[in-house]
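Chemist: Pasting the sequence and the predicted model now:
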Amino acid sequence: MRFLLDECISTRLILLLTSAGHDVEHVTVCGLAGRIDDEVLEAARAQERVLVSADTDFGELLARHSAVLLSLVLFRQGNRGAEHQARTLLENIDEIEEDLATGAIAVFTQNSIRIRALPIGRRSDR
């Protein structure tokens, strides 16, 4: 998969995900550090990347704009390190990959994964 990591996500995730075969960029490496959320979302959409963040504002923006064909992985697991986030994502990628390919928000919490199809309200929400 192709991922764009938000600035609140450690750059250590780049190596952890690329070593598992994924194409990964980080906003600080591709000139998006400090940009507004809408610009980061547009870059992810233009580059056909799944945005990975811990910032809930992205989910709200996607819902408000009825976004489709853009996906978000949102970590809501407290203050977990890059290794834990990479392991969580990689252990569950097979379960969420199809949803992310068609436009979804995948939220990783302490004990579960919630997936919302985009645009919000689409019949396949679960």
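Modeler: Happy to help now that I have it.

Chemist: Helices of this protein, residue ranges please.
Modeler: Assigned by DSSP state H, the helices in the chain fall at 12-18, 37-46, 57-64, 82-102.

Chemist: Can you check which of those gets nearest to residue 6?
Modeler: Evaluated with CB to CB, the helices of the chain place helix 37-46 nearest to residue 6, the distance being 6.5 Å. The C-beta positions use only the backbone N, C-alpha and C, and glycine is treated the same way.

Chemist: Lowest average confidence across helices and strands of the protein, where is it?
Modeler: Lowest by mean pLDDT, DSSP states H and E among the helices and strands of the chain is helix 57-64, with a mean of 82.

Chemist: angle of it against helix 37-46?
Modeler: 70 degrees (axes from the mean of the first three to the mean of the last three CA atoms, to 10 degrees).

Chemist: Pull the residues that contact helix 57-64.
Modeler: Applying CB atoms under 8 Å, 6 or more residues apart in numbering, the contact partners of helix 57-64 are 6, 37-38, 40-41, 51, 67, 70, 72, 74, 105, 107, 118-120.
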